[in-house]
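Asker: What follows is a predicted protein model with its sequence.
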Amino acid sequence: MALVFTEEQELLRHSAREFVTKQKPLRRLRALRDGNDPVGFSRQVWGEMAQLGWLAIPFPEQYGGAALGYMDLIVLMEELGRGLLPEPMLSAVLLGGNAIARGGSGTQKETLLPPLIEGKLLVTVAVQEPGSRYDLCHVATRAARAGAGWQLSGTKALVPDGHVADRIIIPARTAGEVTERAGVTLFLVSPQAAGVSVVRQSTVDGRNAALVRLQNVAVGEDDVIGSMGQGAELLAAVVDRATIGVCAEMLGSMAAAFEMTLDYLKTRTQFGVLIGTFQALKHRAAKIFVELELARSAVMAAAQAADAQQPQLPRLVSLAKARCADAFILTANEGVQMHGGIGMTDEHDIGFFLKRARAAAMIFGDAAFHRNRYAATGGY
Amino acid sequence: MDHEQFRAETSHWLRANAPESMFGAPKSVDEICWGGRKASYPPDVKRWLEVMAERGWTAPMWPKQYGGGDLSREEAKILAQEMAKLQLRPPLTGFGLSMIGPLLLQEGSEDLKRIHISPIVRGEIRWCQGYSEPGAGSDLASLQTRAEIDGDYFVLNGQKIWTSYADKSDWMFILVRTDPNARKQDGITFLLLDMGSPGVSVKPILLISGSSPFCETFLDNVRVPRANVVGKVNGGWAMAKALLGHERTMIADVFKDRVPGNPLVDLARKYIGGDTHVADPIVRDRIAQVEMDQHCLDLTLDRARDGAKAGHKPGPETSIFKYYGTETNMRRRELMVDILGPQGLGWEGAGFDDKELAITRDWLRSRGNSIEGGTSEIQLNIIAKRVLGLPD
């Protein structure tokens, strides 16, 4: 497979960009934030995205999916990232849907995937716990046997879109000690169930997340996703693929922030000349361009590895995530700096990118975490 | 022939025809074959060049009529992969294959192709590049070497500098000023110059690394036939730029460590220790960074090649490869000396082995990477102006 997009993928890019631009996304993001919107995204926009078939991209046709691949998904995610769209692609498609599609039973897939693809059911995954940092095996939440089922107790943090999710997939420990790989099982939990409390978390980038507390929450045999005690493998596979989507989104966000900065360099006058004529700024802009191109190559390679189910997928995911994290933070930091005083104000949009850069860099592991994993997969 | 069959046959042929000593890393730089009339190589090196040239596989993708291998891009990739698998060294390297050959195939007259391409494929002629001058390094277009027309000849006077391997080369491709009154980019012509011509003299330049491929080249009433113009008279700047595209891509590729395994990790295990992990976590992180930088660059090169195959014309973004390839190589060389620790301080003599001395000198040599072939700053200027459209 070649590292180029097909004509169909370019068409998808075109329609996605048109859609995103029409939303006036940054203005909308600001309104959602300033209005303390209880949902934090637009259900109407989400419905339109479902109508366009975008939620269907990675899923099999028999459940209403489009059976396309990650090369298609990254095209879409990049365009959504350009507008910092707050709609729940990450939680519903990249995490929840993917976990069910990869690990769910026949019944779970049949009942959950079609409404999920239609945008009517939001399933998310509680990847993190307080203090777990980026270790997916750090699961302190306990699943204790209770009759034919289990009782879950523990706390999950920064659950993506957890505040409005219809179901939350909870990794809990059915055996072993905290941070052990074996013994983690994934359970499907309804936020309405007795013993579940969901509190919305307000994060620096305005993305939607929730703190989820579970106290003796009863779950049954049917609620297990994947194999008993093997949840860490499933979670890792899902998170690796979700990371590719996040990277593509970061790519779009940094491209948008960079374009915003370039526009400023080409229009802002100081000392009687355009500031874009200053070599000190030109060189830094050119370096950002190089970083962006290198990041793009890594994201495309990771998406291809996912589509071709290559064993080096985790290594390429780490390459992409470390690169995107560093490149996005650089682009955003430089974006604010080159905008000067106006860049520091809340009134200007460039700050949104600075905040998102930091948050996105930390989702599923920061640059140092992924360099460490890259080294480990390289045998050193 | 399908690709799997081609792969099997290629692998079989390589194993049957490559001399034993051509597998694995070269023992010394003398085993790296640049071809040409002025050097002699060990018998195995010569033999390997001959058998590969016979098949056109020193230039696998060039047309058969000029001695190339006529392989498709996919087949050439398979050949490279099979050679890498066997740790087989390239039979020939140099500016003929990587720079002037591709330019001649693209822009040269039929006569020039007929005369020069086959000798390049066969490694009979070694080439050097006459671009830079004492007053025109990064500002290449301001070059001053004059070429005046005299009948069927140009008469050249001037000086070139930083001419890599001029002392070992048979021919030079050179930029000269043919119209001193035109805009500085418009009065330049691209010529092919026989280094054996009367009036050519060459003097090596010593670098901080203790040696150097570089020379000064002096031209004193040197006569070059007018038939040796590539492109048009006064149209040399376009040729120069086309060739620089090949050069920047080649440089990024050349600086790759082609040795199997991971030399940085091996070095760290030896000098710092550690079984599963390199013992010093900071060194380990730096190794990962350099490796990941190179990995991203390689993927970007793949992407550029795949894009070219899909019909996207390579543009000024090729400056990425020169800029980032050289910067990454410099980071790698510094890290290697850091890993050696005090053993990296050797210049010559007792207490240091050959490999340690080579790493230290390679580090010093690499400091020129961001200067030669257009400085990093020039590459960034090109990106800023021609890719990003920033104002002058």
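Answerer: Arrived safely, thanks for sending.
Asker: I'd like the next helix or strand past the longest helix seen in chain B.
Answerer: Determined from DSSP state H, the single longest helix within chain B is helix B:281-309. Sequence order places helix B:319-340 as the next helix or strand after helix B:281-309, per DSSP states H and E.
Asker: Tell me, how many residues neighbour residue 2?
Answerer: Assuming you mean chain A. By other C-beta atoms under 10 Å in any protein chain shown, the residues close to residue A:2 number 14. Just so you know, the C-beta spots here come from the backbone N, C-alpha and C atoms, and that holds for glycine as well.
Asker: wait, I meant chain B there
Answerer: Residues near residue B:2, counting by other C-beta under 10 Å: 6.
Asker: quick one: it from chain A, how far?
Answerer: Distance, residue B:2 to chain A, by C-beta to the nearest C-beta, to the nearest Å: 18 Å.
Asker: Relative to chain A, how far out is the closest residue to residue B:326 other than its chain neighbours?
Answerer: In space, and not counting its chain neighbours, residue B:326 is closest to residue B:369: 3.7 Å by C-beta to C-beta, 6 or more residues apart in numbering or on different chains. For residue B:369, the distance to chain A (C-beta to the nearest C-beta) stands at 16 Å.
Asker: Which secondary structure state is assigned to residue B:369?
Answerer: coil (DSSP: H, G, I helix; E, B strand; the rest coil).
Asker: how near is it to residue B:106?
Answerer: 26 Å (C-beta to C-beta, to the nearest Å).
Asker: Same drill for those two, tell me which one is more crowded.
Answerer: Between residue B:369 and residue B:106, counted using other C-beta under 10 Å, the more crowded position is residue B:369 (20 against 15).
Asker: what's the angle from the helix or strand containing residue A:305 to helix B:281-309?
Answerer: Assigned by DSSP H and E, residue A:305 belongs to helix A:279-307. Relative orientation of helix A:279-307 versus helix B:281-309 (axes from the mean of the first three to the mean of the last three C-alpha atoms, to 10 degrees): 80 degrees.
Asker: Establish whether helix A:279-307 and chain B are in contact.
Answerer: Yes. Counting by C-beta under 8 Å from any C-beta of the partner chain, chain B has neighbours in helix A:279-307: A:279, A:282-283, A:285-287, A:289-290, A:293-298, A:300-301.
Asker: now the helices: where do they sit in the chain?
Answerer: Since you didn't name a chain, this refers to chain A. Counting by DSSP H, the segments of chain A that form helices are A:7-22, A:25-34, A:43-51, A:70-82, A:98-103, A:106-117, A:231-267, A:279-307, A:313-339, A:341-344, A:350-362, A:367-377.
Asker: Chain B is the one I meant
Answerer: Using DSSP H, the helices found in chain B span residues B:3-17, B:43-54, B:73-85, B:95, B:101-107, B:110-121, B:236-254, B:263-271, B:281-309, B:319-340, B:354-366, B:376-382.
Asker: picking up where we left off before, would CSV of the helices of chain A with mean pLDDT and mean neighbour count be doable?
Answerer: Shown next, in CSV, are these (pLDDT from 0 to 100; neighbours: other C-beta atoms under 10 Å in any protein chain shown):
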stretch, mean pLDDT, mean neighbour count
helix A:7-22, 97, 15
helix A:25-34, 95, 16
helix A:43-51, 98, 16
helix A:70-82, 98, 25
helix A:98-103, 98, 23
helix A:106-117, 98, 18
helix A:231-267, 98, 23
helix A:279-307, 98, 23
helix A:313-339, 98, 25
helix A:341-344, 96, 14
helix A:350-362, 98, 21
helix A:367-377, 97, 21
